[in-house]
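Sequence first, then the predicted structure, then my questions.
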Amino acid sequence: MTTREGGVSDAPWASLNLGDHVGDDPAHVAANRARLRQMLPAEPGWLRQVHSDRVVALGRGDTPEADASFTREAGRVCAVLTADCLPVLFCDRAGSVVAAAHAGWRGLADGVLEATVAAMQVPPGEILAWMGAAIGPAAFEVGDEVREAFVARHADAAAAFVPQPTAGKWRADIYRLARIRLESVGVRAVYGGGRCTFGEADRFFSYRRDGVTGRMASLVWLA
């Protein structure tokens with residue numbers, strides 16, 4: 001996963017903004033992506049993310065509307081962009097398939113992680129998942145409708161929400177919610193989590209903190 005450090009963009013996108021849809025100078029975004037490309041075996045398979053549960057096989061030269069991608073081809077780079085939403089990277093123990101998912105609360109509630117696991121077409125017990133930096137439970141305030149969307153599917157999701165003094169408001173633990181979803185489909189080797197994009201302003205972009213801001217990338221590929 002990239003951080004906000006090491007790029008050429010000016011504030012409020014300073015400095016390694018990789019998002020081309022957030023108002024940054026296109027030349028700066030291109031320069032930042034070129035810097036990232038030097039560390040990768042190929043150009044990342046960027047997506048047009050829409051907070052859905054759609055998963056696509058990584059294609060060549062297109063930018064599909066989806067929130068997760070997978071590949072079985074060596075050297076093909078799955079990638080998602082985030083700035084508070086949860087990025088989750090996947091691989092299987094045999095090293096035959098990898099995937100990347102963008103899990104904002106809507107996509108997470110709608111099943112983007114479960115859909116990604118299904119698309120990988122390997123036994124869930126053979127899958128390893130890694131959660132990148134996202135908005136932490138001390139900062140992620142949501143309304144009743146968000147809590148209800150999760151609890152309606154999994155009653156144990158209620159433990160991931162802490163009531164706030166304002167009626168109808170909750171603090172949500174997106175990492176715990178993701179673990180519940182992954183474990184429900186048999187993925188128990190889940191790593192990462194614990195960082196907070198909102199609280200670590202020097203290191204991470206945060207849409208909820210700043211409004212106009214950049215995007216970080218989480219990437220995975222088969223060698």
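Thanks, I have the structure now.

can we go C-alpha only for contacts and neighbour counts from here?
OK.

what are the ranges of the helices in the chain?
26-37, 105-110, 112-120, 144-151, 174-184, 207-210 (DSSP state H).

For V190, find the nearest of those.
Proximity of the helices of the chain to V190 was assessed by C-alpha to C-alpha; the nearest stretch is helix 174-184, lying at 7.1 Å.

Does anything pack onto the closest one? Which helices or strands?
When contacts are defined as 3 or more C-alpha pairs under 8 Å, 6 or more residues apart in numbering; DSSP states H and E, helix 174-184 packs onto helix 112-120.

how big is the angle separating the helix it packs on from helix 174-184?
Following axes from the mean of the first three to the mean of the last three C-alpha atoms, to 10 degrees, one obtains 40 degrees for the angle between helix 112-120 and helix 174-184.

Tell me how far helix 112-120 lies from the chain's centre.
Helix 112-120 has its average C-alpha position 14 Å from the chain's average C-alpha position, going by C-alpha atoms, centre = their mean, to the nearest Å.

now for that helix, which elements pack on it?
strand 55-57, strand 68-71, strand 98-103, helix 174-184.

Looking at these, spot the one closest to V77.
strand 68-71 (8.1 Å).

now that closest one: mean pLDDT?
Across strand 68-71, pLDDT averages out at 98.

Identify the residue nearest the geometric centre of the chain.
Residue closest to the mean C-alpha point of the chain, counted by C-alpha atoms, centre = their mean, is P87 at 1.8 Å.

I'd assumed G107 was in contact with that residue.
No - under the criterion of C-alpha atoms under 8 Å, P87 makes no contact with G107, lying 11.2 Å away.

related to what we said a few turns ago, next up, the contacts around the residue nearest to the centre of the chain.
The neighbours of P87, taking C-alpha atoms under 8 Å, 6 or more residues apart in numbering as the test, are V80, L81, A100, A101, H102, A103, M131, G132, A133, A134, S218.

hmm, 7 Å instead?
Under the criterion of C-alpha atoms under 7 Å, 6 or more residues apart in numbering, the neighbours of P87 are V80, A101, H102, A103, M131, G132, S218.
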